[in-house]
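J.: The following comprises the amino acid sequence and a computationally predicted model.
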Amino acid sequence: MDKPAILVIDDEVRSQETLARVLGEEFRVFAASSAAKAESFLDQERIEVILCDQRMPGENGVDFLKRVRESWPDPLRIIISGYTDSEDIIAGVNEAGIYQYITKPWGPEHLLSVVREASRLYRLQSENQAASLEIKLDSDTLGKVVAKKHKALKSRFGFDRLLCADNSPLKKSVELASRIAGFDIPVLITGESGTGKELLARALHYNSHRGEKPFVVENCGALPDTLLESELFGTKRGAFTGALEDRIGLFEQASGGTIFLDEIGDTSPAFQVKLLRVLQEGEIRPLGARQPRRVDVRVIAATNRNLEEDVASGRFRRDLYYRLAGLRLHVPPLRERPMDLPVIAAKLVEQAAKSFGKHIDRIAPEAMARLTAYDWPGNVREMQNEISRMVALADGTELGLDLLSEPVRSQSTIPLASFAPMSLSQPTGPLKDQVEQLEERMIAEALRRHRYNISHAAQELGLSRVGLRAKLQRYGLERLN
């Protein structure tokens, strides 16, 4: 299967090369320095996604993509710019049908994620158009198709997709979420980037009575106030320069369903006031509109910030915090969930192997030891990229140490051979001695499982690092280091 085709338009050759390096592993990248060259690619290739620089000589990105929208409406259009002029952004969204606006300097992982999602949306739109041509949908057929899709979505985003071991700190959040999914209370999900906050939000939605209604997502930290307000609440024609038609906001689009406000902690105090009113009154006022509109939407918010600290410092409104945090769910980072790593790794290998058409039997023990010892600053998203890379490079049916990227491979671990099997004999002596023998074994076993990673072992045992080191000294286990 051919890689999806991406068109990069930038008059700087170095920028073209950088984008090609980041995207080239997953996509066929065509690069153009001018509008004329870009149009020739659009004529000759089936381009799925266009990434266009906003500031170019002769014609800016928005004006060019407006023309593209008329002649080649199918590709998803993305603007990349070092400038955050709200007029440009609003014009891009309204006139050129921009899918996403990425500001410089951009991060490789974020860029890849946006382009992947744009490519997936292109494929879905194409499949939907093809299906519409082949099937004449009467009301009964349409109802069956919609019901089938909702069933598939509920299965795809079930709570069981949040992979974790029985003793995982994530388990409590998943169980609590499943208990309250059917109740219309707002939920605030906290956790670092890449931990799976949106996946948990989708599980809440698709397992609620709103599951057959829309689930709408907005990253609140990626847009300036004016555009964010327009995106969420809508716009009346003539509200500002470039507003050529009425635009329905995401709150109305999510009517009867759920809206997921990601990175809510990055919003400004001014916007927080407007959002608070929406949550209090249950109504929105589109930009330029005279009358408010009622909305029936469940709100799930997420943040990677410590909102309690932001509330204490005055950066985040206290009343808005309590409106959003009807229930708070925390998604711990991978470094606090070492017991989940083998479970997640196995699932990611299965998914990547199916996607790439490969057969993979297992991850070699020494490779799994490195995966377990690594701290995963990018969490599940980073691990997914690592596993996908390994599967793509694999020649056989086993993922070995040589397939790991340098940061993961160079992580310090204890060789498996350095851990002798534990004795299974029963403890003896007075009760106090028996308890100490059992404690020593539990600590030694935890160390063995986690390749002497003190943080991971302490987390599993419910000890602090200092407390664990004291017990290592007491039982003479520091020799294993």
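T.: Happy to help now that I have it.
J.: The residue lying closest to residue 450 once chain neighbours are set aside: helix or strand, and which one exactly?
T.: Of all residues not flanking residue 450 in the chain, residue 456 sits nearest, at 4.1 Å (C-beta to C-beta, 6 or more residues apart in numbering). In short, each C-beta sits where N, CA and C put it, glycine included. Assigned by DSSP states H and E, residue 456 falls within helix 454-461.
J.: Restricting to C-alpha, output the helix or strand just after that helix in CSV.
T.: Using DSSP H and E, the next helix or strand after helix 454-461 towards the C-terminus is helix 465-475. What follows is helix 465-475, C-alpha atoms only, in CSV (Å, rounded to 0.1, in the frame of the first residue of the first chain):
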residue,chain,number,x,y,z
ARG,A,465,12.8,6.4,47.4
VAL,A,466,14.4,7.3,50.7
GLY,A,467,12.4,4.7,52.6
LEU,A,468,13.2,2.0,50.0
ARG,A,469,16.9,2.8,50.2
ALA,A,470,16.8,2.4,54.0
LYS,A,471,15.3,-1.0,53.7
LEU,A,472,17.9,-2.0,51.0
GLN,A,473,20.6,-1.2,53.6
ARG,A,474,18.8,-3.0,56.4
TYR,A,475,18.5,-6.2,54.4
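J.: Let me see the ranges of the helices in the stretch 301-450 of the chain.
T.: 307-313, 318-324, 341-356, 365-373, 379-393, 406-409, 431-449 (DSSP state H, counting those that start in this stretch).
J.: Give me the residues contacting stretch 381-398.
T.: Under the criterion C-beta atoms under 8 Å, 6 or more residues apart in numbering, residues 25, 109, 112-113, 193-194, 334, 341, 344-345, 348-349, 352-353, 355-356, 358-364, 367, 371, 376, 378, 399, 403-405, 408 lie in contact with stretch 381-398.
J.: Give me the buried positions along that stretch.
T.: Neighbour-count burial for stretch 381-398, counted by 16 or more other C-beta atoms under 10 Å, picks out 381, 382, 383, 384, 385, 386, 387, 388, 389, 390, 391, 394.
J.: tell me which element residue 278 is part of?
T.: Residue-wise, residue 278 maps onto helix 269-281 under DSSP H and E.
J.: Now the element after that helix, going C-ward?
T.: strand 283-284.
J.: pLDDT of that next one, averaged?
T.: When pLDDT is averaged along strand 283-284, the result is 90.
J.: Over to stretch 126-143?
T.: Mean predicted confidence for stretch 126-143 is 59.
J.: same check, this time on stretch 331-351
T.: The model assigns stretch 331-351 a mean pLDDT of 90.
J.: any idea how far that stretch is from the chain center?
T.: For stretch 331-351, the separation from the chain centroid amounts to 15 Å (computed by C-alpha atoms, centre = their mean, to the nearest Å).
J.: next one: stretch 389-405
T.: Distance, stretch centre to chain centre, for stretch 389-405: 24 Å (C-alpha atoms, centre = their mean).
J.: repeat for stretch 449-468
T.: With C-alpha atoms, centre = their mean as the basis, stretch 449-468 stands 28 Å off its chain's centre.
J.: Need the distance between the two termini of that stretch.
T.: One end of stretch 449-468 sits 15 Å from the other (C-alpha to C-alpha, to the nearest Å).
J.: buried sites along it?
T.: Buried residues in stretch 449-468, defined by neighbour count with 16+ other C-beta under 10 Å: 449-454, 456-461, 463, 468.
J.: Taking these, tell me the two that lie furthest apart.
T.: Among the buried residues of stretch 449-468, the pair separated by the greatest distance (C-beta to C-beta) is 451 and 463, at 17.4 Å.
J.: Give me the residues contacting stretch 55-74.
T.: With C-beta under 8 Å, 6+ apart as the test, stretch 55-74 has contacts from 9-11, 34-35, 38-39, 42, 47, 50, 52-54, 75, 77, 79-83, 88, 91-92, 95-98, 122, 125-126.
J.: Going through the residues you listed, which ones are buried?
T.: Of these, these count as buried by 16+ other C-beta under 10 Å: 9-10, 35, 38-39, 42, 47, 50, 52-54, 75, 77, 79-81, 88, 91-92, 95-96, 98, 122.
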